[in-house]
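Visitor: Predicted model and sequence follow; I will ask about them next.
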Number of protein chains: 2
Amino acid sequence: MAKVNSLILSRAESHVDMVPELARYLIESGGKRLRPMLTVASAQLFGGGTGSAINFAAAVEFMHNATLLHDDVVDESDMRRGKPAARMVWGNKASILVGDFLLGQAFMMMVETGDIAALGVLSSASAVMAEGEVFQLAKTGDLTTTPAEYAEVIRAKTAVLFQAACEVGAMSGGADAAGRQALARYGLELGNAFQLVDDVLDYGGQAGELGKNTGDDLREGKMTLPIILALAEGSEAEKASIAKALGDAEASSEQVAEVVAIMERYGALSRTLEQAHAHARSAQQALNILPSSDMRALLSDVVEFSVLRAY
Amino acid sequence: MAKVNSLILSRAESHVDMVPELARYLIESGGKRLRPMLTVASAQLFGGGTGSAINFAAAVEFMHNATLLHDDVVDESDMRRGKPAARMVWGNKASILVGDFLLGQAFMMMVETGDIAALGVLSSASAVMAEGEVFQLAKTGDLTTTPAEYAEVIRAKTAVLFQAACEVGAMSGGADAAGRQALARYGLELGNAFQLVDDVLDYGGQAGELGKNTGDDLREGKMTLPIILALAEGSEAEKASIAKALGDAEASSEQVAEVVAIMERYGALSRTLEQAHAHARSAQQALNILPSSDMRALLSDVVEFSVLRAY
């Protein structure tokens, strides 16, 4: 990971000062480096983990950070990782363009490996992620959004990058077809679990504990599973309360608390977490075909950690 | 080009309706398809022109259109190709995300060719273009911008994609190293000429004829060569007039006319065009090492056409 970090920093360089300033502000702001870690661990699981795995890991982190920059513009987010979002410091325009730069650099790092099959996996992920973001945008505030549509949104916008991160890691580590497939499935299921937990955390987690950013998804009109489940079960009056707050950037913390109370009344948060647990179990199962090892244990721990965040 | 067009349309497809709606609105809105045409012609010049050249041509057009979508958000442009810009119809958010989708699809089409060297050329172009856009943004309204900085902006934001379009065309057509280098130089010089002419057209062209969009660059604070030359030569009062209108979205057509008058007083538009002509001559010279052929004549005509637009 030290090699990955140093590659990440060197590839955020540019003779245009604003590029590394903005990119490093985001990249160094305490992100978990979860995705590149998955790439490296997936490679090491098969005995690889240097060479092209380093490039793929850095590329995956760049793709993720490019998405964050664009998402914060799209969601009009003020904060990211506990600091003002880059767009609040350098503006929306710079955030869009530096995101594009990071994406271009990501592809350059992939190309340097000469591994065309892995490039296929990552370029496809890049298109699917954007498609998922557009789908989420199209569904914003749409009270008729179904659980199946939500599942497609989180698969595309989040899980596919986890999948690609693990799959190209396995490929660069020398996995056979079955190993590659196992890691792809592991990544996909982990990514689904991860996003479901994120969407529960946005309403205070299992405990429904209200914090500073609680209800951001609600105010942005994001149709996440807790909202979809609450709308499906709630009374007309409860549905009206939800609909009123949904997509209202100025919704009060009292309104958010009211929506969380409705969610708890119908078990919307715990039922969302059950789905996260189901995906987490699938992720663990995917690892079962592989011989037990330290790396396998680490990947298994990542799943545990991702779900435990909700509690 | 019929094959390229049909590939472009099919790759703008998605199960998310908003993606093809927005993408086709832009793609079918009468763009000149200049860049993909250069790719195909460059390939045919060396006897190729089908197979991977088709993919590269469509990929280049997607990269260009992704840039247009993001540029219109960054520049807050209302119109594009004589119609309301996509962002005025679907919003800034969708324009950002569909731009990302087109970029992802572009890389997928490149990857399908399996040509890692050409992928290197195009992914590098993608990063450089974004870098150039950031540089332009950083220089917005900066009265101290030098002609050398301007030259770097237009090379990066425009000419590098022309260069890549021609270079990968030549590569896929089977060019040797000298042929590839000639086409790369041709594309770069053509792109520089093209952007210089565009920047003159924004002030009404050689004739200084004021039309509907005249002065857009001025109102956006873009430091193009006509402005830089006028600022270098103008009196203090003239500089003040320019500085006052520069970056003022509400600058009146009288103010634009005043700035154009200052430019004409110091030959700023015709001197910018002279630079375009010099690049055009270099582009023509680059073709000279190749045997004369219909395709060479066509590429030569493209240069003529690009410069003649200014008159």
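Guide: Perfect, thanks for sending it. Numbers count the residues shown, from 1 in each chain, chains lettered A, B, ... in the order given.
Visitor: is the helix or strand harbouring A:Asp71 anywhere near chain B?
Guide: A:Asp71 is located in helix A:52-74, with elements delineated by DSSP states H and E. Yes. If you take C-beta under 8 Å from any C-beta of the partner chain as the test, helix A:52-74 does meet chain B, through A:66-67, A:70, A:73-74. Glycine gets a C-beta too; all of them are placed from N, C-alpha and C.
Visitor: burial count for the nearest residue to A:Glu61 once chain neighbours are set aside?
Guide: Excluding the flanking residues, the one nearest A:Glu61 by C-beta to C-beta, 6 or more residues apart in numbering or on different chains is A:Pro36, at 4.5 Å. Neighbour count of A:Pro36, defined by other C-beta atoms under 10 Å in any protein chain shown: 27.
Visitor: Equivalent analysis for A:Ala2, please.
Guide: Residues near A:Ala2, counting by other C-beta under 10 Å, number 7.
Visitor: Got phi/psi on it?
Guide: phi -60, psi -40 (degrees, to the nearest 10).
Visitor: separation between it and chain B?
Guide: To chain B, A:Ala2 is 24 Å away according to C-beta to the nearest C-beta, to the nearest Å.
Visitor: Tell me the spacing between that residue and A:Met108.
Guide: A:Ala2 sits 21 Å away from A:Met108, going by C-beta to C-beta, to the nearest Å.
Visitor: What of A:Leu69?
Guide: When A:Leu69 is compared with A:Met108 (using C-beta to C-beta), they lie 18 Å apart.
Visitor: Just name the shakiest helix or strand of chain A by mean pLDDT.
Guide: Here the helix or strand of chain A ranked lowest by mean pLDDT, DSSP states H and E is strand A:79-80, holding a mean of 88.
Visitor: Dump the residues of helix A:52-74 next to chain B to a markdown table, plus distance to A:Met263 and pLDDT.
Guide: Output for the residues of helix A:52-74 next to chain B, formatted as a markdown table (distance: C-beta to C-beta, whole Å; pLDDT from 0 to 100):
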| residue | distance to A:Met263 | pLDDT |
| --- | --- | --- |
| A:Ala66 | 32 | 97 |
| A:Thr67 | 27 | 96 |
| A:His70 | 29 | 96 |
| A:Val73 | 29 | 92 |
| A:Val74 | 25 | 89 |
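Visitor: now, the most widely separated pair of these?
Guide: Farthest-apart pair in the residues of helix A:52-74 next to chain B is A:Ala66 and A:Val74; separation 12.5 Å (C-beta to C-beta).
Visitor: Between these two, which has more neighbouring residues?
Guide: Applying other C-beta under 10 Å to A:Ala66 and A:Val74 shows that A:Ala66 carries more neighbours, namely 28 against 24.
Visitor: ok and the helix or strand where A:Pro20 lies relative to helix A:52-74, angle-wise?
Guide: For A:Pro20, the host element (DSSP H and E) is helix A:18-27. Calculated by axes from the mean of the first three to the mean of the last three C-alpha atoms, to 10 degrees, helix A:18-27 forms an angle of 90 degrees with helix A:52-74.
Visitor: If we go by neighbour counts, what in helix A:18-27 is buried?
Guide: Neighbour-count burial for helix A:18-27, counted by 16 or more other C-beta atoms under 10 Å in any protein chain shown, picks out A:18-23, A:25-27.
Visitor: how about those residues in TSV, adding pLDDT and distance to A:Ala59?
Guide: TSV is the format used below for the buried residues of helix A:18-27 (pLDDT from 0 to 100; distance: C-beta to C-beta, whole Å):
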residue	pLDDT	distance to A:Ala59
A:Met18	95	22
A:Val19	96	17
A:Pro20	96	17
A:Glu21	96	21
A:Leu22	94	19
A:Ala23	94	14
A:Tyr25	94	20
A:Leu26	91	16
A:Ile27	89	13
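Visitor: check those against chain B, which are close?
Guide: Applying C-beta under 8 Å from any C-beta to these, those adjacent to chain B are A:18-19.
Visitor: Could I get the contacting residues of A:Gly48?
Guide: Applying C-beta atoms under 8 Å, 6 or more residues apart in numbering or on different chains to A:Gly48 gives the contacts A:172-174.
Visitor: Chain B versus that one, what's the distance?
Guide: Distance from A:Gly48 to chain B, by C-beta to the nearest C-beta: 20 Å.
Visitor: How confident is the prediction for the nearest residue to A:Thr272 once chain neighbours are set aside, by pLDDT?
Guide: Take A:Thr272 and drop its neighbours on the chain: the residue closest to it by C-beta to C-beta, 6+ apart is A:Leu225, 4.6 Å away. Looking at A:Leu225, its pLDDT stands at 98.
Visitor: Settle this for me: A:Leu225 is touching A:Gln195, isn't it.
Guide: No. Counting by C-beta atoms under 8 Å, A:Leu225 does not reach A:Gln195; the two are 9.5 Å apart.
Visitor: Up against chain B, what does the stretch 51-200 of chain A have?
Guide: Proximity of the stretch 51-200 of chain A to chain B (C-beta under 8 Å from any C-beta) is limited to residues A:66-67, A:70, A:73-74, A:92-94, A:96-98, A:100-101, A:103-105, A:107-108, A:110-112, A:114, A:116, A:119-120, A:123-131, A:133-135, A:137-138.
Visitor: Out of those, which end up buried?
Guide: Buried among those (16+ other C-beta under 10 Å): A:66-67, A:70, A:73-74, A:92-94, A:96-98, A:100-101, A:103-105, A:107-108, A:110-111, A:116, A:119-120, A:123-131, A:133-135, A:137-138.
Visitor: can you give me the helices in the stretch 51-200 of chain A?
Guide: With DSSP state H, counting those that start in this stretch as the criterion, the stretch 51-200 of chain A has helices at A:52-74, A:86-113, A:116-138, A:147-154, A:160-173, A:177-201.
Visitor: how about those helices, which one is nearest A:Ala249?
Guide: Using C-beta to C-beta, the helices of the stretch 51-200 of chain A put helix A:52-74 closest to A:Ala249, at 13.7 Å.
Visitor: Check which helices and strands that closest one sits against.
Guide: With contacts taken as 3 or more C-beta pairs under 8 Å, 6 or more residues apart in numbering or on different chains; DSSP states H and E, helix A:52-74 sits against helix A:2-11, helix A:18-27, helix A:34-45, helix A:86-113, helix A:116-138, helix A:160-173, helix B:86-113.
Visitor: Using CSV, lay out these together with distance to B:Gly204.
Guide: Listed next are the helices and strands packed on helix A:52-74 as CSV, based on distance: least, C-beta to C-beta, whole Å:
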stretch, distance to B:Gly204
helix A:2-11, 42
helix A:18-27, 32
helix A:34-45, 50
helix A:86-113, 27
helix A:116-138, 38
helix A:160-173, 47
helix B:86-113, 24
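Visitor: about what we covered before: which residues are contacting the helix holding A:Pro20?
Guide: Under C-beta under 8 Å, 6+ apart, the answer for helix A:18-27 is A:8-9, A:12-14, A:61, A:65, A:68-69, A:80-81, A:83, A:86, A:89-90, A:94-95, A:98, A:101-102, B:131, B:134, B:137-138.
Visitor: picking that back up, for B:Arg296, which of the helices of the stretch 51-200 of chain A is the nearest?
Guide: helix A:86-113 (30.2 Å).
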